[in-house]
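Novice: build me a model from this:
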Amino acid sequence: MDVLSTLSRRDALRIGGIIITTATAGCGSSPKSDSTGLVLHSALDVETRVMVTVTNADRDEPILNSEIATVSGGDQVVVSDDIPRQNGHVVTVSVDIDNQPSNQLEWEQVSEPLHVIIHRDDIVFTVEPPG
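Specialist: The predicted model follows:
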């Protein structure tokens, strides 16, 4: 099924705005620090729960505390801005909509901020382009 055919004009404009904002958010920023961030964007009317865990690839225990964030319609939330940019870290992002696990990403090459865009049944994980 073509996702774009099921979107209303308002939904398409909202997602387009999020993508444009995401693509230009890091441009002109200062030199890279040793950490990066995770930003949630939601176009859903229901509250969505996102769990973020950072682990060392060589070990199973978390090296940073797991963090749970909630986001709802039209919100943009910075979940974390201190995810280490070092090799060997795995960031796991789990998104639950209506208490149902719907999508998970393991982000292994942490370098630029990760944006999670939640819209209906679609969850998009996108990395901010280097600025």
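
Novice: partner residues bridging the nearest residue to residue 78 once chain neighbours are set aside?
Specialist: Spatial nearest neighbour of residue 78, chain neighbours left out: residue 39 (5.3 Å); criterion: Cβ to Cβ, 6 or more residues apart in numbering. (Glycine included, C-beta is placed from N, CA and C.) Legend: beta-bridge partners of residue 39 under DSSP bridges are residue 78, residue 115.

Novice: quick one: the strands in the protein?
Specialist: 35-42, 48-56, 67-71, 76-84, 89-97, 100-107, 114-119, 122-127 (DSSP state E).

Novice: same list (those strands) but as CSV, adding mean pLDDT.
Specialist: Below are the strands of the chain laid out as CSV (pLDDT from 0 to 100):
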stretch, mean pLDDT
strand 35-42, 88
strand 48-56, 85
strand 67-71, 87
strand 76-84, 84
strand 89-97, 86
strand 100-107, 80
strand 114-119, 88
strand 122-127, 86
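
Novice: sorry, back to before: confirm for me that the residue nearest to residue 78 is in contact with residue 80.
Specialist: No. The pair residue 39 / residue 80 is not scored as a contact, 9.2 Å apart, by Cβ atoms under 8 Å.

Novice: who's more crowded, these two?
Specialist: Shown here are residue 39 and residue 80; by other Cβ atoms under 10 Å, residue 39 has more neighbours (22 against 19).
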